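>>> What would the 3D arrangement of this be:
(chains A, B, C and D)
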There are 2 protein chains.
Amino acid sequence: MPAIPRYYQAKARLLDLLGDLPGNTPFPPERELSDVLGMSRTTIRKAMNELVLEGRLIRGTGRQGTTVAPPKQVHRLSLDVLVQDLATREQAAVRITRDVLTVESVLVRGDEPIGVRSTCLCASRFPGFAERYDDTPLRRFLSTTYRVRFGDLRAWCTTTLATPRLARLLGVRPATPVLSVSWLDLVERSWVVLRGDRAHLTMAQVQGSAQFHAS
Amino acid sequence: MPAIPRYYQAKARLLDLLGDLPGNTPFPPERELSDVLGMSRTTIRKAMNELVLEGRLIRGTGRQGTTVAPPKQVHRLSLDVLVQDLATREQAAVRITRDVLTVESVLVRGDEPIGVRSTCLCASRFPGFAERYDDTPLRRFLSTTYRVRFGDLRAWCTTTLATPRLARLLGVRPATPVLSVSWLDLVERSWVVLRGDRAHLTMAQVQGSAQFHAS
DNA sequence: CAGTGGTCTAGACCACTCT
DNA sequence: GAGTGGTCTAGACCACTGG
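This is a model prediction of the structure:
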């Protein structure tokens, strides 16, 4: 392996270039950069792909070309907002396969999709759900309509790669890294996939609690 | 763009192959797969790279070749453990540049690096830190030695790409997606970078609190 | 030394979008 | 139609590791 791969050098050059350009300006096409920097298009693309993953460049199709990403507005979402289903969202899709009822919706902020929320429920526990569900926040709907009481929940968070389907919903390329938040309680199994470049998960910690439960 | 890119098909084939192989088995070399599947090595590599990012394959250098990743043990870490610096870790490195004191350590579980922890402090606030620091958990050291009181903190979590330096510390390839946890209080500014394939962040949520603070 | 993964090249075709 | 990004190929060289 070369000490410094050429695509690193390319990336550095492109970052310089990026520093001078305001958001939404067109970025030079790959073939031109390949020519100017004296590297093959493949090498340039490798550098550009990292910049795309980092949210610095936005790729368009056809004649749109690549553009400089505007300073990204990062939305801060708390676990509560995700669990309570309080983020603004597009209409939910309801699917039933055997006894599993799946509710899926796209989280939206400012016309941009920032995440996808999925919840699995026990179908027989909620008769007529598909007909009665009115797109209010899911937990509120369940507690008012079916008198559900939710217990404490355990949530965890990790990084995954967007499947082709999720990528389409989120407006990113397949295999883009995303933030995955999951939780589980007596009633539901849910997870939210967030665009890492558009959303942060905020957490509170109360000082003084829990000095020693490592594991 | 083809309806189904060939590297998707390759990935599916490789996943089949993976299903039959136990952990730590050598995986067929790229050139052989390229031959058998009738695709160019570049295409095979694109498929394999995604499997590496997903933690299914492990690449070695030279004659080691690629091997099947053993069932990954995922360590669950709480925010408290990260903040209180209670994860087992390698010796911390202390750097001072101007008035900023940086403490950095590698989090280890079972001989594997799973994360990197960095804390920035105001150097003049902690005279003689470098000489006195004894590798106990950072917060405990600060509170016993310097009588520091920590206030409440605000933490947040997102996905980033590993810089070449972090990648080396974590034993992953540069630009691997990682889980980034940051927090801020009156005393410190800290962040932890976790290998997404080796560590999850656990969160608790108390039921009933906070019905409506969306934003 | 042989074989591995990592990088790089020059070229090709495709689907798409703007003009 | 021209130009863009997305994909794919065949081939090359390198650094590294094991027998």
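>>> immediately after the longest helix seen in chain A, which helix or strand?
Secondary structure of chain A per DSSP state H: the longest helix is helix A:6-20. Where DSSP states H and E defines the elements, the next helix or strand beyond helix A:6-20 is helix A:30-37.
>>> got the phi/psi numbers for the residue lying farthest from the centre of chain A?
Most distant residue from the mean C-alpha position of chain A: residue A:38, 35.5 Å away (CA atoms, centre = their mean). The phi/psi pair for residue A:38 (degrees, to the nearest 10) reads phi 70, psi 30.
>>> measure it to residue A:10 for me?
10 Å (CB to CB, to the nearest Å). All C-beta spots, glycine's among them, are computed from the backbone N, C-alpha and C.
>>> Equivalent analysis for residue A:24, please.
23 Å.
>>> and these two? which has more neighbours close in?
Counted by other CB atoms under 10 Å in any protein chain shown, residue A:24 and residue A:10 do not tie: residue A:10 has more neighbours, with 23 against 10.
>>> what's the distance between that one and residue A:36?
From residue A:10 across to residue A:36, the span is 11 Å (CB to CB).
>>> now swap in residue A:78 and tell me
46 Å.
>>> Which one of those two is surrounded by more residues?
When neighbours are counted by other CB under 10 Å, residue A:78 and residue A:36 differ, and residue A:78 comes out ahead with 21 against 12.
>>> That one pairs with what?
According to DSSP bridges, the residues that bridge with residue A:78 are residue A:202.
>>> Okay, it and residue B:115: tell me how far apart.
Distance from residue A:78 to residue B:115, by CB to CB: 23 Å.
>>> Same question for residue A:145.
Distance from residue A:145 to residue B:115, counting by CB to CB: 43 Å.
>>> Which one's more surrounded, these two?
residue B:115 (27 against 15).
>>> If you count contacts, what does whatever helix or strand the more buried one lives in end up packed against?
Per DSSP H and E: residue B:115 is located in strand B:112-122. Packing contacts for strand B:112-122, counted by 3 or more CB pairs under 8 Å, 6 or more residues apart in numbering or on different chains; DSSP states H and E, involve strand B:100-109, helix B:164-170, strand B:189-195.
>>> Out of these, indicate the one that is most buried.
With neighbours defined as mean count of other CB atoms under 10 Å in any protein chain shown, the helices and strands packed on strand B:112-122 peak in mean count at strand B:189-195, which reaches a mean of 23.
>>> and that strand, what does it pack onto?
Helices and strands touching strand B:189-195, by 3+ CB pairs under 8 Å, 6+ apart, are strand B:112-122, helix B:164-170, strand B:177-184.
>>> export those to TSV and tack on mean pLDDT?
Listed next are these as TSV, based on pLDDT from 0 to 100:
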stretch	mean pLDDT
strand B:112-122	92
helix B:164-170	81
strand B:177-184	93
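>>> And those: which comes nearest residue A:159?
Set against residue A:159 and scored by CB to CB, the helices and strands packed on strand B:189-195 come closest in strand B:177-184, at 4.9 Å.
>>> quick one: buried residues of that closest one?
B:177-183 (16 or more other CB atoms under 10 Å in any protein chain shown).
>>> Check stretch A:65-82 too.
A:66-69, A:74-75, A:77-82.
>>> Now look at it and say if it contacts DNA strand D.
Yes: residues of stretch A:65-82 contacting DNA strand D under CB under 7 Å from any atom of the strand: A:65-66.
>>> taking the mean pLDDT, what do you get for that stretch?
On average, the pLDDT along stretch A:65-82 is 90.
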